[in-house]
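Q: Structure here, sequence nowhere to be found:
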């Protein structure tokens with residue numbers, strides 16, 4: 001049975017999304033893109049993110065959602081807006097009863113590139129290579145696809161580890 005994962009790279013102006021499917025152990029690209037919200041007050045942008053993610057969920061019927069966690073670099077105000085954008089996207093997934101999983105930027109980069117401090121170009125390159133895309137995806141879409149890939153790799157590894165524990169337990 002195929003499994004679909006929706007990855008979200010949240011942003012208050014640009015939210016990336018990407019959908020992958022796992023078919024007989026193989027990762028297959030389904031779709032990706034960016035939700036661009038410009039020139040509106042924050043509450044209107046949050047509603048636009050909620051509505052757009054809800055539409056993506058309705059159109060592509062993912063089984064799970066993986067979303068990047070907020071990190072505070074320099075600007076607290078930006079981090080708060082990012083957190084609200086995450087909340088809008090998470091609520092859109094939860095209204096469709098999706099299981100939501102959260103990953104730090106470092107976890108995502110490590111799962112996809114192999115090191116936790118990869119730059120945007122490295123992320124785009126690896127996402128393109130892993131998903132066998134004809135060209136580089138947009139940065140935010142690549143980050144969303146990377147989040148979905150991170151979730152798949154994490155759960156696949158945990159599943160294998162769990163199976164190994166069952167085999168050696170008395």
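A: Nice, I can see it. Just so you know, these numbers come straight off a predicted model, no measurement behind them.
Q: Residue 111: which element?
A: Under the criterion of DSSP states H and E, residue 111 resides in helix 105-112.
Q: Just the buried positions in that helix, please.
A: 105, 107-112 (16 or more other C-beta atoms under 10 Å). The C-beta positions use only the backbone N, C-alpha and C, and glycine is treated the same way.
Q: which residue ranges form the strands in this protein?
A: Using DSSP state E, the strands of the chain run over residues 3-9, 14-23, 26-36, 64-68, 99-103.
Q: tell me how far the fourth one is from the chain's mean position?
A: A distance of 5 Å separates the centroid of the chain from that of strand 64-68, by C-alpha atoms, centre = their mean, to the nearest Å.
Q: pretty sure residue 115 contacts residue 109?
A: Yes. Counting by C-beta atoms under 8 Å, residue 115 touches residue 109, with 6.6 Å between them.
Q: And the helices in this protein?
A: Using DSSP state H, the helices of the chain run over 42-60, 76-94, 105-112, 120-131, 139-168.
Q: Make a markdown table from the ones you listed and add mean pLDDT to it.
A: As requested, the helices of the chain are arranged in a markdown table below (pLDDT from 0 to 100):
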| stretch | mean pLDDT |
| --- | --- |
| helix 42-60 | 96 |
| helix 76-94 | 94 |
| helix 105-112 | 94 |
| helix 120-131 | 95 |
| helix 139-168 | 78 |
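Q: which one of these is the most hemmed in?
A: helix 105-112 (a mean of 20; mean count of other C-beta atoms under 10 Å).
Q: For it, name the packing helices and strands.
A: The contact analysis (3 or more C-beta pairs under 8 Å, 6 or more residues apart in numbering; DSSP states H and E) places helix 105-112 against helix 120-131, helix 139-168.
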